[in-house]
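Asker: got a predicted structure plus its sequence, pasted below:
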Amino acid sequence: NGQALAKVNNGEVSRNLVKEDFGVNVPDNSFMINLFANFDGTNIEHKFELLSNVGNINSTGNTIIKTLRTNSTYDVDMSDLSLLTPIVGMPLRGEFRTDGKIVGDSKWMNIDGKSDVADSVTTYSLSLKNYTSPKDAVLKIKNLKIEKLLYMLVQPIYSNGLLNANANLGGISSSINGDYSHTINGTINGRVVKSKFDMNMPNTNYNHQANINFTNGSGKLNLDFISDIVSLNVKDALVNIDSLGVNAPYTIDIKDLKKLAFVTSKELKGSLSAYGDVVWTPVSLRGSMKSDLFGGKLDVELNNNLISATIKDMNSLGVLDMLQYPKIFDSAINGTLKYDRQTQIGNMDFILSKGSFTENKLMSILEKTLKFDGTKEVYNNIKIDGRINKSLVTANLNMQSNNTSITSNEATLNLDSNDINAKLLLKVQKYDLAGTLSGKATNPSISIDTSKLGKDIVNNVINNPKVQENVQKIEDKTKDAINKGLNKLFKK
C-alpha cells in the first residue's frame, strides 16, 4: 500500500543536438512530467502527464499487480512532433493527435485507438504478445492527405493527394496472414521533383491502387498505377516477408513518349508497350523488359547496375522517327547494347541489313554532281560499333553496296546537346569523295569536298577505252587529211 510521485520540472529538448543528429528544427520548448501511482495491495492506479508548450501526453488507468492486467487510456495531442524526434529515433514535425485504450496482461494485450493523422479519419487495433511481439492488427485510414504525411516525416512534398487504406493482419511477428489494400488519388509535384532530382517533370495526375494477401509469411501483390504519363500493372507479384524479396511481373503502357523527356533527357516520339519482371532483394536488383517495336523485338535485361539490350529485326525508319532524327535510311537492325548505370559507360554493336537510302541531302548532292541515284543501292551487313561515355556516343560506320561504300571513324553524338560530328569517306563508282556531317542531329548539315572530283572525272574520261579509241580515229583521220593535202600541193 502507498503512493508514489515522480516529477520532472523545467525539462528541455536540446535544439542543437536534434538539429545535428536528425536535421530537424525544434522550437523553443519546455516540458514537465508528472507520474502519480496509488497502491492498494492489489491494484495500481496511475496517472501520467507530459505537459509542454508544444503538446501534451496523458494516460490513466488501473493495473492488477499479480497478473499485470491493465485497463488504461491514453491521449496524445501534439502541435509539433519535432519534440519527440529523439525519442522515436527519426525526424518528425507537424501536429498529431491520437487517443485510445489499452486492455490486457503480460501474455496478451490489445491497443485500440483512433487518430486524425494527416487530416485523416483513422482507427486501429493492435494485439501484442508478451508486451513487445505484435500479433494481430486492424487498420482503417480514410482520406489521409499525402502532402501532410510527407511533411510530418520531414520528406519533400513530392505529391498531393488522398490515401485510403485497410489492413486486417494476423501472426505479424511470426508467419503473417491477412490482407492489406490502399488507393491513392493524387498529383505529383513537378516543382519539387525538379528541385530534388533536377528533372523537368510536369505536374502529373495519378490513380494508384494496391492489394496484397499474405499466407504464412508470403504475399501475393496486385497493383495499378495510372497517370497522365504512364500506366503500370503488376499482377500476382510474390512478396517474401522474411527475406524482404519481391518478384513482380509487370506490363507498362506509355501513350506519348514525349512526356518522358524528363527521364530520357531527349524528347521521343510515339508510344511504347512492354512487359517483363522485376526481382528485388535488399542486396540485388534484376529485371527484364520485352517489347514488340517497329516490326522487331526489343529485349532488355537488368542485373544490378548492368543493362543489356538486344534488338532483333527492328526497322530503322521507326527508330529514327522515335528519336526525331531525319528518316534517311530504311533497314533492319540487329544488335546489342551494354551499359553500366553507375559508371554511365557502355558499348554497342549493330548490324543493319536490306538497307537503302531515302531521299536526303547526301543523295541530292550525288545526283547533282555525278548524276548518280544512290537511293537504288542496297546495303547488307552494315556495321555500326561504338562506345558510350555518359552523354557522348562515339561510333564507327562501315557500309557497302555494289556501286558505293561509306565509312566513318570516331563519329560523335552528344545526347545532351544533340550535336553530331562525323567525317565521311565515300566511294561512288570510281570516284572518291570526302564529306562532313555536323550540327544538330535533328537537321544536320552535310558538305562534300568536290575539289578532287573534277580531276577524277577528267582522268576517267581521258582513260576511258572508248574515248581513247575515238581519239585515235580522229588522229588517223587528221593524218590522212594532211597527207592528202600535201600530195595535192606537190603535184601542182
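Answerer: In hand now; what should we look at? No experiment lies behind these values; they were computed from the predicted model shown.

Asker: element containing the residue positioned nearest the centre of the chain?
Answerer: With distances taken as C-alpha atoms, centre = their mean, V263 lies nearest the centre of the chain, 6.3 Å away. Using DSSP states H and E, V263 sits in helix 261-264.

Asker: how about that helix: buried residues?
Answerer: Neighbour-count burial for helix 261-264 flags F262 (criterion: 16 or more other C-beta atoms under 10 Å). Where you see a C-beta, it was placed from the backbone N, CA and C, and this is true even at glycine.

Asker: quick one: it to chain centroid distance?
Answerer: Between the centre of helix 261-264 and the centre of its chain there are 9 Å (C-alpha atoms, centre = their mean, to the nearest Å).

Asker: quick one: contacts of that helix?
Answerer: With contacts defined as C-beta atoms under 8 Å, 6 or more residues apart in numbering, helix 261-264 is touched by V193, M199, N200, M201, P202, L257, E267, L268.

Asker: is L139 in a bridge, and if so with what?
Answerer: Y124, A167 (DSSP bridges).

Asker: how near is it to Y180?
Answerer: Distance, L139 to Y180, by C-beta to C-beta, to the nearest Å: 8 Å.

Asker: same check on Y158?
Answerer: Remark: distance between Y158 and Y180 (C-beta to C-beta) = 22 Å.

Asker: re the thing from before, looking at L139 and Y180, which is more packed in?
Answerer: Comparing L139 with Y180 by other C-beta atoms under 10 Å, the one with more neighbours is Y180, at 19 against 15.

Asker: helix or strand right after the strand or helix carrying that one?
Answerer: Per DSSP H and E: Y180 is located in strand 177-188. Next in sequence after strand 177-188, counting helices and strands by DSSP H and E, comes helix 190-197.

Asker: which other helices and strands does whatever helix or strand E147 lives in contact?
Answerer: Taking DSSP H and E as the definition, E147 sits inside helix 146-152. Packing partners of helix 146-152 (3 or more C-beta pairs under 8 Å, 6 or more residues apart in numbering; DSSP states H and E): strand 159-170.

Asker: tell me which other helices or strands the strand it packs on touches.
Answerer: strand 133-145, helix 146-152, strand 177-188.

Asker: JSON lines for these, including distance to T63 and mean pLDDT?
Answerer: Shown next, in JSON lines, are the helices and strands packed on strand 159-170 (distance: least, C-beta to C-beta, whole Å; pLDDT from 0 to 100):
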{"stretch": "strand 133-145", "distance to T63": "20", "mean pLDDT": "95"}
{"stretch": "helix 146-152", "distance to T63": "32", "mean pLDDT": "96"}
{"stretch": "strand 177-188", "distance to T63": "30", "mean pLDDT": "97"}
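
Asker: do you know which of these lies nearest I229?
Answerer: With C-beta to C-beta as the criterion, I229 lies closest to strand 177-188 of the helices and strands packed on strand 159-170, at 9.0 Å.

Asker: show me what contacts P156?
Answerer: Contacts of P156 (C-beta under 8 Å, 6+ apart): L150, V192, S195, K196.

Asker: actually, S106.
Answerer: T67, L68, N130, Y131.

Asker: and those residues, which is closest to G219?
Answerer: For these, the nearest to G219 is N130 (25.3 Å; C-beta to C-beta).

Asker: buried stuff in the helix or strand T122 falls within?
Answerer: Using DSSP H and E, T122 maps to strand 121-129. In terms of neighbour count (16+ other C-beta under 10 Å), strand 121-129 has its buried residues at T122, Y124, L126, S127, L128, K129.

Asker: list the buried residues for stretch 299-311?
Answerer: V300, E301, L302, I307, A309, I311.

Asker: what mean pLDDT does that stretch get?
Answerer: The predicted model assigns stretch 299-311 a mean pLDDT of 97.

Asker: what would the contacts of P156 look like in CSV with neighbour count?
Answerer: Listed next are those as CSV, based on neighbours: other C-beta atoms under 10 Å:
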residue, neighbour count
L150, 19
V192, 16
S195, 11
K196, 12
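
Asker: could those be laid out in JSON lines, adding distance to S115?
Answerer: JSON lines is the format used below for those (distance: C-beta to C-beta, whole Å):
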{"residue": "L150", "distance to S115": "17"}
{"residue": "V192", "distance to S115": "26"}
{"residue": "S195", "distance to S115": "31"}
{"residue": "K196", "distance to S115": "29"}
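
Asker: what segments of the stretch 301-450 of the chain are helices?
Answerer: 316-323, 361-370 (DSSP state H, counting those that start in this stretch).
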